[in-house]
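*Asks:* the sequence and its predicted three-dimensional model are supplied below.
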Amino acid sequence: MTETAAQPLYILVADLFFRSKIRAVAEAAGVVVQFARSVDELQTLLPKTQGDARVIIDLNDRSLRPLEILPGLAQAGHRLLGFLSHVDVATANAAREIGCAVMPRSKFVENLPAILAGEFWS
């Protein structure tokens with residue numbers, strides 16, 4: 001296991017179906033993840049990590065207010081990875097400017113085992 005893979009991994013995804021898909025891949029890979037369905041839930045979980053967490057965020061779910069919360073997460077030193085529709089260039093660019101790695105949802109799903117294992121994190 002890499003040093004990155006040993007860092008806590010939190011996933012902010014409100015979509016139940018997609019969260020179940022991620023959970024199944026994580027369990028098959030033996031990776032422990034903590035899911036948050038809301039910004040409040042994520043903020044409750046994160047103080048325990050002291051700025052060393054990896055956080056995956058659904059950038060297209062406007063109910064999660066991703067572009068509002070990313071700056072605080074980046075300033076706290078968390079490593080950020082967001083996924084979104086490949087056609088949402090404006091959100092992708094805004095997230096990158098904040099310090100969030102970004103990938104299309106299809107690439108995220110395709111590479112999910114490697115992502116959960118610690119690859120694709122800068």
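*Replies:* Okay, I see it. This one's a predicted model, so the numbers in the text were calculated from it and none came from an experiment.
*Asks:* next, count neighbours for residue 69.
*Replies:* Using other Cβ atoms under 10 Å, residue 69 is surrounded by 18 other residues. In this view, the C-beta of every residue, glycine as well, is placed from N, C-alpha and C.
*Asks:* looks to me like it is in a strand.
*Replies:* No. Assigned with DSSP: H, G, I helix; E, B strand; the rest coil, residue 69 falls outside any strand and is helix.
*Asks:* could you list the low-pLDDT ranges of the protein?
*Replies:* For the chain, the stretches flagged by pLDDT under 70 are 1-6, 47-50, 122.
*Asks:* ok now the longest helix along it, how far from the chain's centre?
*Replies:* Longest helix in the chain, counting residues (DSSP state H): helix 16-29. Its chain's average C-alpha position is 13 Å from that of helix 16-29, according to Cα atoms, centre = their mean, to the nearest Å.
*Asks:* residue 119 in helix, strand or coil?
*Replies:* Under three-state DSSP, the three-state class of residue 119 is coil.
*Asks:* mind checking what secondary structure the residue nearest the centre of the chain has?
*Replies:* Centroid-nearest residue in the chain: residue 56, 0.2 Å away (criterion: Cα atoms, centre = their mean). Secondary structure, three-state DSSP: residue 56 is strand.
*Asks:* bridged to it, which residues?
*Replies:* residue 11, residue 81 (DSSP bridges).
*Asks:* give me every residue that touches it.
*Replies:* By Cβ atoms under 8 Å, 6 or more residues apart in numbering, the contact set of residue 56 is 9, 10, 11, 12, 13, 81, 82, 83, 115.
*Asks:* give me the sheet partners of the following helix or strand past the longest helix of the chain and which way each runs.
*Replies:* The helix or strand immediately downstream of helix 16-29 is strand 34-36, counting by DSSP states H and E. Looking at strand 34-36 with DSSP bridges, its partner strands are strand 9-12 (parallel).
*Asks:* what's next to stretch 9-26, contact-wise?
*Replies:* Stretch 9-26 has contacts (Cβ under 8 Å, 6+ apart) with 31-39, 42, 45-46, 49, 53-58, 61, 63-64, 66, 109, 112-113, 116.
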